[in-house]
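Q: Quick one: sequence plus predicted model below, questions after.
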Amino acid sequence: MSQRISKLTENLARTIVGKANAIRLILVALLSGGHALLEDVPGVGKTLLAKSLARSINGRFQRIQCTPDLLPTDMTGTNIWNPSSREFEFLAGPIFTNVLLADEINRATPRTQSALLEVMEEQQVTVDGVSRKVQHPFFVVATQNPIEYQGTFPLPEAQMDRFTISLSLGYPTEAEELQMLQHLQDRISTDELQPCLSLEDILELQHLAAQVKVTPALQRYIINLVRASRSDEEITLGVSPRGTVALQRATQALAFLEGRDYAIPDDVKFLAPHVLSHRLIPAGGRQAKTIVERLLRSIPVE
């Protein structure tokens, strides 16, 4: 298993320079059966990361450029009339894929954003009263620009809660950016990237990650951390029970990536800012990640 994971990590690193932590977080979201939200400025490799992941696991990749005029049926698909058969036929939308990139998701209207709620949680799409399962694995990578607010529709709390992990790729360091330029001619494109795992391998890895042991003491630590967010004076809305489950699943996935069959407190501490920050609403314009880091310092490990 560790060899398979190493191959996947190395494959992604062939197209993405200097983003080891981002790659690890994306794989945590994938192996935990969740989804990832990338909050970053344009041009730092968000699309490249999602497309490289799809190629590496030999999965289908679809990209949706979210705009205010995008309709829910543009994502889910719709029934169209077939004159030859004289009946309606379902034309599947881009949501029926393995890796879905919803680019600039906050530019879509709330009605269109809501089209993702069912599929992200239930792994199915309902159109005209008929539910259809999406392919497995199904992984959503959504991006939004945290700088531009004009013409955007902030994601509601219910949708933010569907993302297992939020992360930012950030600008590369000077050395990484220089390395990117030096190897620009030698680096392969995503179309040339060869798959190193199959979809069946990913499903097996997800199953094995879910079997990683989490001791009762570590579960109490997770619960104490989450419950502290619900009573903190600097937080208007705390983390939901879905966030509690997501943190445990992400912790199991990270331990599995590290080659362990048991989770440790350091797994929780590393993941908590990425799993919990986007699920809470801070009071008075405070930074959510700063609050989570403060809670981590104040909650003791049993």
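A: Yep, it's here.
Q: three-state assignment of residue 10?
A: When classified by DSSP: H, G, I helix; E, B strand; the rest coil, residue 10 comes out as helix.
Q: and residue 36, backbone torsions?
A: phi -130, psi 140 (degrees, to the nearest 10).
Q: Just list the residues touching it, thanks.
A: With contact set as CB atoms under 8 Å, 6 or more residues apart in numbering, residue 36 has these partners: 25-26, 29-30, 139-142, 163-167. Every residue, glycine included, has its C-beta placed from N, CA and C.
Q: Filter those down to the ones in strands?
A: 139-142, 165-167 (DSSP state E).
Q: Who wins on neighbours among these?
A: Greatest neighbour count in the ones in strands among the contacts of residue 36, by other CB atoms under 10 Å, goes to residue 142: 29 neighbours.
Q: Contacts only, for it.
A: So residue 142 contacts 35-38, 101-103, 105, 116, 163 (CB under 8 Å, 6+ apart).
Q: Can you tell me which of these end up in helices?
A: Among the contacts of residue 142, the residues falling in helices (DSSP state H) are residue 116.
Q: Just put the contacts of residue 142 in CSV and tack on distance to residue 174.
A: Output for these, formatted as CSV (distance: CB to CB, whole Å):
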residue, distance to residue 174
35, 32
36, 27
37, 28
38, 23
101, 28
102, 32
103, 28
105, 31
116, 37
163, 31
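Q: Among the contacts of residue 142, which one lies nearest to residue 80?
A: The shortest approach to residue 80 among the contacts of residue 142 belongs to residue 116, at 22.1 Å (CB to CB).
Q: Report back the residue of the chain that's furthest from centre.
A: residue 84 (41.9 Å; CA atoms, centre = their mean).
Q: on that earlier part again, among the contacts of residue 142, which are in strands?
A: 36-38, 101-103.
Q: where along the protein do the strands fall?
A: 36-39, 61-65, 77-82, 87-92, 99-103, 124-127, 130-133, 139-144, 165-167, 235-237, 281-282.
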